[in-house]
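A.B. asks: everything below, folded, please.
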Amino acid sequence: MKKICHFSSVHPGLDIRIYRKQCVSLAQAGFDVHLVIGADAAQIAEAAGAGVTIHPLAPLAGGRLRRMATQTWRCYRTARALNADVYHFHDPELIPYGLLLSWQGRKVIYDLHEDLRADIHSKPWIPAPLRRVIGAAARGVEHFAARRFAAMVAATPYIGALFDKSAARVAVIHNYPTINELAAAASTTVTAIPRDSICYVGAINEMRGIRHIVQALEMAPVRLLLAGVFDPPALRVELKAYRGWRQVEEYGFVDRREVGEIMARSVCGLVTLKPEPNFVNSLPIKLFEYMSAGLPVIASDFPLWRGIIEEAECGICVDPENPNAIAKAINFLLMHPDVADEMGRNGRRAAESKYRWDREAAKLVALYGEILETRRAD
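C.D. replies: Below is the predicted model:
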């Protein structure tokens, strides 16, 4: 049985893409899967039940720079000791350690969750005059590394195309939902509870449009079921002063069962991210999770997203920085429940036929098979 090691110094223990999709799918395919990541005892036990061995990183106090200097080394050291056949890492800050493993003769995969250069351009903690320079330097490092890694795994075709000329292999593994997960979770909700709310599930920050969503609530007679963690926490304090906040039902961080229950109570799901460089060419998992749960979506009017939504006829695209436009879309779905139901069914059909994780899992397993075959040939 081939040993595989995924490692991350940033993501939480049961991260959806890393653990629930990739690691679990590889374990189901017969690999001996190990994951080096921050995790608690309950998460370690849950992973063991799914055939994944977690090697936990202890919490590290301090800021971003300390994590990048210390936690990355601890992550690498733990991963290296496992002597795996393939190493698969998920954070740009681990590139130097991926290179070390590659120079030691190990097969290494770099998983690109985001377009790093575009992400840097949106980082508020990086001085604006430096973002372009740092972004260009980061892209150069990624191309240098790509030539030395066994493969680059990209979450979107756009990101994958950036490395077509520099990487030995590029595999686009979309972050599509596990097709029946949220629908199954929603089915456990008491059916007498009406769909009388809207929902937003995910990271909550300025760039993801929460301010304009709360402002839109002032013009729409509906509750917002809000699940996620504020970054920074001070943003929540500020938004509580808005009149629309009185219509917010706040959940904080929720597990997957609770996500399904929230969606079961909702008329539609919101994914109105601002037009930041890192978002306009992204494929946000929440869009496809709403679709898989049978919810119509109200989404940012980016060309890529509009194409998906119009093809599936599963929602409404709006200017994400216009609260009036968001409110108008919400009110339309509230006043036309038959249309909303049809959009939800259309989205579910599109998820079942096209946007589903099991097909991406097959591509991931095939990539590992190709890399391991190459190793035998070497």
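
A.B. asks: what's the closest non-adjacent residue to Trp103?
C.D. replies: Take Trp103 and drop its neighbours on the chain: the residue closest to it by C-beta to C-beta, 6 or more residues apart in numbering is Arg148, 7.7 Å away. (Glycine included, C-beta is placed from N, CA and C.)

A.B. asks: what sits against Leu295?
C.D. replies: Cys199, Met263, Ser266, Val267, Cys268, Gly269, Gly344, Gly347 (C-beta atoms under 8 Å, 6 or more residues apart in numbering).

A.B. asks: which SS class is it?
C.D. replies: coil (DSSP: H, G, I helix; E, B strand; the rest coil).

A.B. asks: partners of the closest residue to it other than its chain neighbours in the sheet?
C.D. replies: With C-beta to C-beta, 6+ apart as the criterion, Leu295 has its nearest non-adjacent residue at 4.6 Å, and that residue is Gly269. Under DSSP bridges, the beta-bridge partners of Gly269 are Cys199, Val297.

A.B. asks: hang on, Gly269 packs against Lys286?
C.D. replies: Yes. Look at Gly269 against Lys286 with C-beta atoms under 8 Å: they come within range, at 6.8 Å.

A.B. asks: shared neighbours of the two, which are they?
C.D. replies: Val201.

A.B. asks: which of those two has more neighbours?
C.D. replies: Taking other C-beta atoms under 10 Å, Gly269 and Lys286 do not tie; Gly269 has more neighbours (27 against 22).

A.B. asks: for that one, give its distance to Val318.
C.D. replies: 13 Å (C-beta to C-beta, to the nearest Å).

A.B. asks: what touches both of those two?
C.D. replies: With C-beta under 8 Å, 6+ apart as the test, Gly269 and Val318 both reach Ile298.

A.B. asks: picking up where we left off before, could you pull up the contacting residues of the residue nearest to Leu295?
C.D. replies: 198-201, 263, 286, 289-290, 293, 295-298.

A.B. asks: averaged pLDDT, the longest helix anywhere in the chain. What do you get?
C.D. replies: Counting by DSSP state H, the longest helix found in the chain is helix 357-377. Mean per-residue pLDDT for helix 357-377: 89.

A.B. asks: packing partners of that helix?
C.D. replies: helix 24-28, strand 86-89, strand 107-112, strand 151-154, strand 170-172 (3 or more C-beta pairs under 8 Å, 6 or more residues apart in numbering; DSSP states H and E).

A.B. asks: in JSON lines, list these along with distance to Arg236.
C.D. replies: Below are those laid out as JSON lines (distance: least, C-beta to C-beta, whole Å):
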{"stretch": "helix 24-28", "distance to Arg236": "33"}
{"stretch": "strand 86-89", "distance to Arg236": "32"}
{"stretch": "strand 107-112", "distance to Arg236": "31"}
{"stretch": "strand 151-154", "distance to Arg236": "33"}
{"stretch": "strand 170-172", "distance to Arg236": "36"}
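
A.B. asks: so which of those is the most surrounded?
C.D. replies: strand 86-89 (a mean of 27; mean count of other C-beta atoms under 10 Å).

A.B. asks: one step back: out of the contacts of Leu295, which one sits closest to Gly369?
C.D. replies: Among these, Gly347 lies closest to Gly369 (C-beta to C-beta), at 32.8 Å.

A.B. asks: where does the prediction get shaky in the chain?
C.D. replies: 61-62, 183-194, 375-378 (pLDDT under 70).

A.B. asks: buried ones in the one helix or strand Asp338 maps to?
C.D. replies: Element membership for Asp338 (DSSP states H and E) is helix 337-353. Applying a neighbour-count criterion of 16 or more other C-beta atoms under 10 Å, one finds Ala340, Met343, Gly344, Asn346, Gly347, Arg348, Ala350, Ala351 buried in helix 337-353.

A.B. asks: distance of the first one from Ala264?
C.D. replies: Counting by C-beta to C-beta, the gap between Ala340 and Ala264 amounts to 14 Å.

A.B. asks: contact partners of stretch 315-327?
C.D. replies: 209, 212-213, 215-220, 268, 270, 272-275, 296-302, 305-306, 309-310, 328-329, 332-333, 343, 347.
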